[in-house]
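give me the fold of what follows.
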Amino acid sequence: MHKLLTFLLGVFLFTNALAQSDEIPPSTQIMTLGVFHFAYPNLDAIKTKENDKISVLEEPWQSEIISVANAISEFRPTIIAIEVTPDQQGKIDSMYALYRADQFTLRKGEIYQLGFRIGKQSDVPVIYCVNDWGRHYQSVETLFKDSIRQSKFTEYYRNSPDSVYETHRKATKVKNIIGELKKLNDPAAIRERLSVYLLNPFKYEEKPGDFMGVDFETGRWFNRNLRIFRNIQRIKHNSDDRILLIIGREHLNLLNLFFDVSKEFELVSPLPYLENMNHE
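Residues are numbered from 1 along each chain as shown. Have a look, this model is predicted:
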């Protein structure tokens, strides 16, 4: 009997310890600000024609960007993360330190125009680099090394009526940065964008019944955003912190979902901070 009681007590203490270890601490607020790429690098599926680009260093765009930075600063972020890979952290640290010392002129990109500007206004010490490009299956890497196979895939990718390329062709020139950001961060628009990633090239098959398109999209998009999410988890944070993530709007279709269901984070929309801003 004594042995049985000792065993049961041990089981109780063990399961109680497990329950305590599984407890999730209070969540950390994170605001995801989806943007178009201010410098138009044209590295993504979306390609902006030259005559559709705006020069964000000129007026009225500069005044609008400053207004956006002021509005988002009301969130009082303590941590800011940007769409730059961690291997560039040292470079970002150096430029940000110079900017805080009034020795660096902001460049076109949103990481400077919004990230650096909001960071300085909010006295955030570090701008964290959290981007990642994802990892492909070996079968997809093999496809990329075969010019004929890759050519067939690229043709399908670019010319299919419901491809990610085709849906981007409907994009129009930015007329107002404030209004554009409100549109890009609308939950309905974000949800609609995720649906595109389940069309083409997701449905591409080299042979009937294979999963080549699925495997490609897994690495190109789903794996990439999971890695970005993990990079944000790696930033030391607690429930008193408020994280601001500035990233290309497309990423919100997965990242917002991850943050929304996460027990570690509380998703905060930028829309209430933008709604009170006047724009034509």
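
and for residue 253, nearest residue in space, chain neighbours not counted?
If you skip the residues right next to it in sequence, residue 253 has residue 194 as its closest partner in space, 3.6 Å away by Cβ to Cβ, 6 or more residues apart in numbering. Where you see a C-beta, it was placed from the backbone N, CA and C, and this is true even at glycine.

contacts only, for the one you found.
253, 254, 257 (Cβ atoms under 8 Å, 6 or more residues apart in numbering).

just the pLDDT for the last one.
Spelled out, it's residue 257. Note on residue 257: pLDDT of 98.

could you look up the SS state of it?
On the three-state scheme (DSSP: H, G, I helix; E, B strand; the rest coil), residue 257 is labelled helix.

ok, now residue 237?
coil.

now swap in residue 210 and tell me
coil.

for residue 221, see how far away it is.
Computed as Cβ to Cβ, to the nearest Å, the residue 210 to residue 221 distance reads 19 Å.

between the two, which is the more surrounded one?
Set side by side, residue 210 and residue 221 show more neighbours around residue 221, with 21 against 12, by other Cβ atoms under 10 Å.

list the contacts of that one.
Taking Cβ under 8 Å, 6+ apart as the test, what residue 221 contacts is 134, 197, 254.

which of those residues count as buried?
Among the contacts of residue 221, those classed as buried by 16 or more other Cβ atoms under 10 Å are 134, 197, 254.

grab the nearest non-local neighbour of the last one.
Read it as residue 254. With Cβ to Cβ, 6+ apart, the residue lying closest to residue 254 is residue 225, at 4.1 Å.

quick check: buried residues in the host helix or strand of the one you found?
Per DSSP states H and E, residue 225 falls inside helix 224-234. By 16+ other Cβ under 10 Å, the buried positions in helix 224-234 come out as 224, 225, 226, 227, 228, 229, 231, 232.

and if you look at stretch 84-98?
Applying 16+ other Cβ under 10 Å to stretch 84-98 flags 84, 92, 95, 96 as buried.

between the residues you listed, which sits nearest residue 146?
Nearest to residue 146, judged by Cβ to Cβ, of the buried residues of stretch 84-98 is residue 84 at 31.8 Å.

isn't the closest one right up against residue 131?
Yes. Because the distance of 5.4 Å satisfies Cβ atoms under 8 Å, residue 84 is recorded as touching residue 131.

next SSE after the lowest-mean-pLDDT helix or strand in the chain?
Here the helix or strand of the chain ranked lowest by mean pLDDT, DSSP states H and E is helix 2-21, holding a mean of 54. For helix 2-21, the succeeding helix or strand toward the C-terminus, using DSSP H and E, is strand 28-35.

using CSV, please lay out the buried ones among the contacts of residue 221 together with secondary structure, distance to residue 156 and pLDDT.
Output for the buried ones among the contacts of residue 221, formatted as CSV (DSSP: H, G, I helix; E, B strand; the rest coil; distance: Cβ to Cβ, whole Å; pLDDT from 0 to 100):
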residue, secondary structure, distance to residue 156, pLDDT
134, coil, 20, 98
197, coil, 15, 92
254, helix, 23, 98
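
how about residue 273, nearest residue that isn't a chain neighbour?
Closest to residue 273 by Cβ to Cβ, 6+ apart is residue 71, at 4.7 Å.

can I get the CA coordinates of the helix or strand hosting that neighbour in CSV?
In the assignment (DSSP H and E), residue 71 maps to helix 61-73. Output of helix 61-73 as CSV, limited to C-alpha atoms (Å, rounded to 0.1, in the frame of the first residue of the first chain):
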residue,chain,number,x,y,z
TRP,A,61,4.5,61.6,-50.4
GLN,A,62,7.0,62.7,-47.7
SER,A,63,4.3,64.5,-45.7
GLU,A,64,2.0,61.5,-46.0
ILE,A,65,4.7,59.2,-44.8
ILE,A,66,5.5,61.4,-41.8
SER,A,67,1.8,61.5,-40.9
VAL,A,68,1.7,57.7,-41.1
ALA,A,69,4.8,57.4,-38.9
ASN,A,70,3.3,59.8,-36.4
ALA,A,71,0.0,57.8,-36.3
ILE,A,72,1.7,54.4,-35.9
SER,A,73,4.0,55.8,-33.2
